[in-house]
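In: no FASTA, just this:
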């Protein structure tokens, strides 16, 4: 596992990271979220040993990266936001260069397996400068996983890619997540929603929320949002208004006599809605509680400090 214990980093008078603590267990894909300038990249650079922490510890499988950096770094693959690649090499030449520098055993076999894993077979003999941005990111991923590390640190891996390239890189990350532990920094919330099992949100250099994706949605649920699909009662919306704690009802659509509405409430009133449907002989086709999206949660927790200052 990766253990981050009360790490801090200052650049002059600027507090980039302030007393950050979290843990990443083996087999997790963790979405590391935060606004620009919140401290994401600085935290990831301390995890990889690129920056030393001013305070606190970074433990990689129990190894303190400040005390035994080579042993700790052998367990980590790192893809920075702008991966530094040698453009005048072919893909295979570059990976061979990286592998020799890291003294990776069975290098030829590792290169072949890595190229296959990230989908670089068709461009393996081409010069890196000839490749698209999407393939540049694949090459960056390839160098990160070449030594078969247990942990991957990916900083904004889909920045600057077009929608198709984003989907391609996400598929690669999903595949890697089957065998690797991944910390994924991203400002694309749909990306974290699609890939991560755990969410950590940093704002103004501090962790403001961390939990499993499901728990964090429940914890920061702004209101109970209930989606209802029904038929055989044109007055059901009026009937529902008699239920306490409902704050608003919004009609979404009507298809072949089945109406879809969204009910907003201060409590989980699904049982009351069901009883009201039975009482009024309304046919319920759907009754589900809609959890807040990560966008809702992100906006709520990162605006809290701003709101408190007003």
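Out: Nice, thanks for sending it over. The model shown is predicted, which means the values in this text are computed figures rather than measured ones.
In: which helices and strands sit right next to the host helix or strand of residue 264?
Out: Assigned by DSSP states H and E, residue 264 belongs to strand 258-265. Counting contacts by 3 or more C-beta pairs under 8 Å, 6 or more residues apart in numbering; DSSP states H and E, strand 258-265 packs against strand 224-231, helix 236-240, strand 246-255, strand 283-290. The C-beta positions use only the backbone N, C-alpha and C, and glycine is treated the same way.
In: in its sheet, what does the first one sit against?
Out: If I follow you right, that is strand 224-231. Take DSSP bridges as the rule and strand 224-231 pairs in its sheet with strand 258-265 (antiparallel), strand 283-290 (antiparallel).
In: tell me which residues in the first one are buried?
Out: The one in question is strand 258-265. Of all the residues in strand 258-265, those buried under the rule 16 or more other C-beta atoms under 10 Å are 259-261, 263-265.
In: what angle do it and strand 246-255 make?
Out: Per axes from the mean of the first three to the mean of the last three C-alpha atoms, to 10 degrees, the angle that strand 258-265 makes with strand 246-255 is 160 degrees.
In: going on from strand 258-265, what's the next piece of helix or strand?
Out: Downstream of strand 258-265 (by DSSP H and E), the next one is helix 270-279.
In: Could you list every helix and strand in contact with that following helix?
Out: Short answer (3+ C-beta pairs under 8 Å, 6+ apart): helix 270-279 packs on strand 224-231, helix 236-240, strand 283-290.
In: pLDDT of it, averaged?
Out: Per-residue pLDDT over helix 270-279 has a mean of 94.
In: gap between it and the chain center?
Out: 37 Å (C-alpha atoms, centre = their mean, to the nearest Å).
In: who's in contact with it?
Out: With C-beta atoms under 8 Å, 6 or more residues apart in numbering as the test, helix 270-279 has contacts from 226, 228, 230, 233, 236, 239-240, 242-243, 263, 282-284, 287, 289.
In: In the helix or strand where residue 44 lies, which residues are buried?
Out: In this assignment (DSSP H and E), residue 44 forms part of helix 40-47. Residues 40-47 are the ones in helix 40-47 that count as buried (16+ other C-beta under 10 Å).
In: ditto for stretch 194-206
Out: Buried positions in stretch 194-206, judged by neighbour count with 16+ other C-beta under 10 Å: 195-196, 198-206.
In: Report the mean confidence score over that stretch.
Out: Mean predicted confidence for stretch 194-206 is 91.
In: circling back: so what touches the strand holding residue 264?
Out: 223-231, 236-237, 240, 243, 245-254, 269, 273, 285-286, 290.
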